[in-house]
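Chemist: Sequence and predicted structure, then a few things I'm wondering about:
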Amino acid sequence: MNKATPTEIVKKLNKEINAALADPNMKKRLTDLGAAVFAGSPADFEKFIADEIEKWAKVVKFSDAKPD
């Protein structure tokens, strides 16, 4: 989310997205498409993204990968 997004909008989206992810049919469809499905708070998502950036930054550094 953009940090300028109003808190109430973030809360509403989080509530509705978590409700959708609780639906077994939705969860199965997303899993079938290869998505990792987990519900949580905006803070949970922010931590997940920070952890992923840290993890993949190490991989890129170790591999010495360069952009084409």
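Modeler: Happy to help now that I have it. Numbering: from 1, shown residues only.
Chemist: now what about the longest helix seen in the chain, what contacts it?
Modeler: Scanning the chain for the longest helix, with DSSP state H as the assignment, gives helix 42-63. Around helix 42-63, the neighbours that count as contacts under Cβ atoms under 8 Å, 6 or more residues apart in numbering are 1, 10, 14, 38, 40. Bear in mind the C-beta positions are built from the backbone N, C-alpha and C, glycine included.
Chemist: One more: stretch 4-18?
Modeler: Contacts of stretch 4-18 (Cβ under 8 Å, 6+ apart): 1, 39-42.
Chemist: now the residues you listed in JSON lines, with pLDDT, neighbour count and distance to residue 63?
Modeler: Listed next are the contacts of stretch 4-18 as JSON lines, based on pLDDT from 0 to 100; neighbours: other Cβ atoms under 10 Å; distance: Cβ to Cβ, whole Å:
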{"residue": "1", "pLDDT": "56", "neighbour count": "13", "distance to residue 63": "31"}
{"residue": "39", "pLDDT": "91", "neighbour count": "14", "distance to residue 63": "32"}
{"residue": "40", "pLDDT": "94", "neighbour count": "14", "distance to residue 63": "30"}
{"residue": "41", "pLDDT": "94", "neighbour count": "12", "distance to residue 63": "33"}
{"residue": "42", "pLDDT": "92", "neighbour count": "14", "distance to residue 63": "32"}
